[in-house]
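J.: Any chance you could fold what I've pasted below:
(4 chains)
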2 protein chains.
Amino acid sequence: MPKKVDHQERRALIIDALMRVAASGGLEAVSLRHVATEAGVTAGMVQHYFATKDEMMRFALEGIVERTSARIDAAMAAAPSPMTPAATVRTLLTTLLPLDEPRRADGRVAVSFLAYAAVEPAAAGLLREGTQQMIAFMADQVRAVRADIDAEAAGAGLIGLMEGLSLYVLNGHLAGDAAIRALDTHLRLVFSSEA
Amino acid sequence: MPKKVDHQERRALIIDALMRVAASGGLEAVSLRHVATEAGVTAGMVQHYFATKDEMMRFALEGIVERTSARIDAAMAAAPSPMTPAATVRTLLTTLLPLDEPRRADGRVAVSFLAYAAVEPAAAGLLREGTQQMIAFMADQVRAVRADIDAEAAGAGLIGLMEGLSLYVLNGHLAGDAAIRALDTHLRLVFSSEA
DNA sequence: CCGGTGTCAATACAGTCGTAATGTGAAAAC
DNA sequence: GTTTTCACATTACGACTGTATTGACACCGG
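T.: Prediction:
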């Protein structure tokens, strides 16, 4: 066997470049040559590690969900251990809002993939599982504090709200603190008023 | 002067074809030739009515906001005249959810433009005004019934929620009736419980 | 009736796209 | 030391893109 290279590392390098390209120019700006240039490598090398563009896109999508799940884990780990459901939900949702530049960059890419998924059902499948888990988790948190409302519906509402607010922040329709205010107002209605 | 043609009508014909193309293949499938084929005309004719592709896209975006605002007007006109704020908000938000195929088609196109706007600030400007108006209107409705919560934040939350739920419905993460349940659960929290 | 003008059609052009094929060099295996 | 095999680089190809250009045809004012 000849030279040994860490495939995973090379792929990560390329996918990172893809993210930067997509964050600044949208998914339509993503081409083998653009990504290669951004990564500082030749187009041939990109082709060597991803046989097809679709494969590269699939890896990028997986990278996004993996990145956000890592963000969630980090936020939960950094928070004080015993937490009320309300605080747990707030921590989770605020870490998912695009409130600083790195998260905004990821957010822009995620939106592009969302639009892509609205048209390409195959991509939607990869996102579905994560969303379902989040909804179920939120529903559990709601169920823990009130029995007078549909917990499943409230859970879907919580992360749906986060998603919508994220969109508005990304498009500049809403400032970051306005999004947080909207989120807190909703959280207060769900968690701090009893039946 | 030679033959007289209704420019507006021709443009509408082309934009309609563009919508169909974008609804089924995303914004990246929109090309002069594709749109022309879908409209059943030659590419030269499309070029005759839209000097550039950007101009065509601008018209398409305007067409989308115009179409949704028409939907709103129709829904409000069809509803019984004296309405409680809660009913008004519910009517408005449910007509904006992509619950049937025509609205889903429009929704898919809208999502594409949303992703486009996240990268192209010029397009975001066209959407901003409509969103701001909706938020303000929602805030007014909230203010009319409760004084104990931040009405502006609650308004942003209402239409943010609708947007997020729309996204999930379009991507198949949520069924239409589940989205309505989530919406109603939220509405009940905002409107039916007093301070 | 007749130039002129708006409406459309056809084609050319330069660029980019994804993919395939081929070539080069170096490191590991034997 | 030879040979194999992986890691890249380069180039070629056909398809497609947006735009510019040119031309035919029909209509209408004079």
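J.: got a list of what the nearest residue to A:Ala23 once chain neighbours are set aside touches?
T.: Nearest non-adjacent residue to A:Ala23, counting by C-beta to C-beta, 6 or more residues apart in numbering or on different chains: A:Ala105, 4.1 Å away. Using the backbone N, CA and C atoms, a C-beta is placed for each residue, glycine as well. Contact partners of A:Ala105, counting by C-beta atoms under 8 Å, 6 or more residues apart in numbering or on different chains, are A:19-20, A:23.
J.: Quick check: of those residues, which lies closest to A:Ala60?
T.: Comparing the contacts of A:Ala105 against A:Ala60 with C-beta to C-beta places A:Met19 closest, at 6.8 Å.
J.: Disregarding residues adjacent in the polypeptide, which is nearest to that closest one?
T.: Using C-beta to C-beta, 6+ apart and skipping residues adjacent in sequence, the residue nearest A:Met19 is A:Val109, 5.6 Å away.
J.: What average pLDDT does the strand or helix carrying that neighbour get?
T.: Element membership for A:Val109 (DSSP states H and E) is helix A:101-117. In this model, helix A:101-117 carries a mean pLDDT of 94.
J.: now stretch A:81-88
T.: Here the average pLDDT along stretch A:81-88 is 93.
J.: Name the residues that touch stretch A:85-98?
T.: With contacts defined as C-beta under 8 Å, 6+ apart, stretch A:85-98 is touched by A:68, A:71-72, A:74-76, A:79, A:83, A:103-104, A:106-107, A:137-138, A:141-142, A:144-145, A:158-159, A:161-162, A:165-166, A:169-170, A:176, A:179-180, A:183-184, A:187, A:190-192.
J.: Give me the buried subset of those.
T.: Among the contacts of stretch A:85-98, those scoring as buried are A:68, A:71-72, A:103-104, A:106-107, A:137-138, A:141-142, A:145, A:158-159, A:161-162, A:165-166, A:169-170, A:179-180, A:183-184, A:187, A:190-191 (criterion: 16 or more other C-beta atoms under 10 Å in any protein chain shown).
J.: among the residues you listed, which are within reach of chain B?
T.: By C-beta under 8 Å from any C-beta of the partner chain, the members of those lying near chain B are A:107, A:159, A:161-162, A:165, A:170, A:179, A:183-184, A:190.
J.: can you pull the contacts of the residue nearest to the spatial centre of chain A?
T.: Central residue of chain A (C-alpha atoms, centre = their mean): A:Thr68, 4.7 Å from the mean position. The contact partners of A:Thr68, by C-beta under 8 Å, 6+ apart, come to A:96, A:106, A:110, A:130.
J.: Could you check how far the second one is from A:Ala60?
T.: In other words, A:Asp106. Using C-beta to C-beta, to the nearest Å, A:Asp106 is found at 11 Å from A:Ala60.
J.: The one residue in chain A that gets nearest to DNA strand D: neighbouring residues, count only.
T.: Nearest residue of chain A to DNA strand D: A:Gly44, at 2.6 Å (C-beta to the nearest atom of the strand). Residues contacting A:Gly44 under the criterion other C-beta atoms under 10 Å in any protein chain shown number 9.
J.: Let me know the secondary structure of it.
T.: Per DSSP: H, G, I helix; E, B strand; the rest coil, the secondary structure class of A:Gly44 is helix.
J.: Give me the below-cutoff pLDDT ranges for chain A.
T.: A:1-2, A:193-195 (pLDDT under 70).
J.: quick one: which of the contacts of A:Thr68 is nearest to B:Tyr116?
T.: The shortest gap between B:Tyr116 and any of these belongs to A:Ala110, at 14.4 Å (C-beta to C-beta).
J.: Go ahead and confirm that closest one touches A:Ile64.
T.: Yes - applying C-beta atoms under 8 Å as the test, A:Ala110 and A:Ile64 come out as touching, 5.7 Å apart.
J.: residue contacts, A:His7?
T.: A:His7 sits in contact with A:Tyr49, where contact means C-beta under 8 Å, 6+ apart.
J.: how close does it sit to B:Thr37?
T.: A:His7 is 42 Å from B:Thr37, by C-beta to C-beta.
J.: same question, A:Pro98
T.: Using C-beta to C-beta, one obtains 38 Å as the distance from A:Pro98 to B:Thr37.
J.: For the nearest residue to A:Ala17 once chain neighbours are set aside, which residues are in contact?
T.: Closest residue to A:Ala17 apart from its sequence neighbours, by C-beta to C-beta, 6+ apart: A:Ala39 at 3.5 Å. Applying C-beta under 8 Å, 6+ apart to A:Ala39 gives the contacts A:13-14, A:16-17, A:46.
J.: residues near A:Arg11, how many?
T.: 16.
J.: Who are the contact partners of it?
T.: Contacts of A:Arg11 by C-beta under 8 Å, 6+ apart are A:49-50, A:59.
J.: neighbour-wise, which of the residues you listed leads?
T.: Within these, most neighbours by other C-beta under 10 Å means A:Phe50, with 21 neighbours.
J.: ok, now which ones touch that one?
T.: Contact partners of A:Phe50, counting by C-beta under 8 Å, 6+ apart, are A:11, A:14, A:56, A:59.
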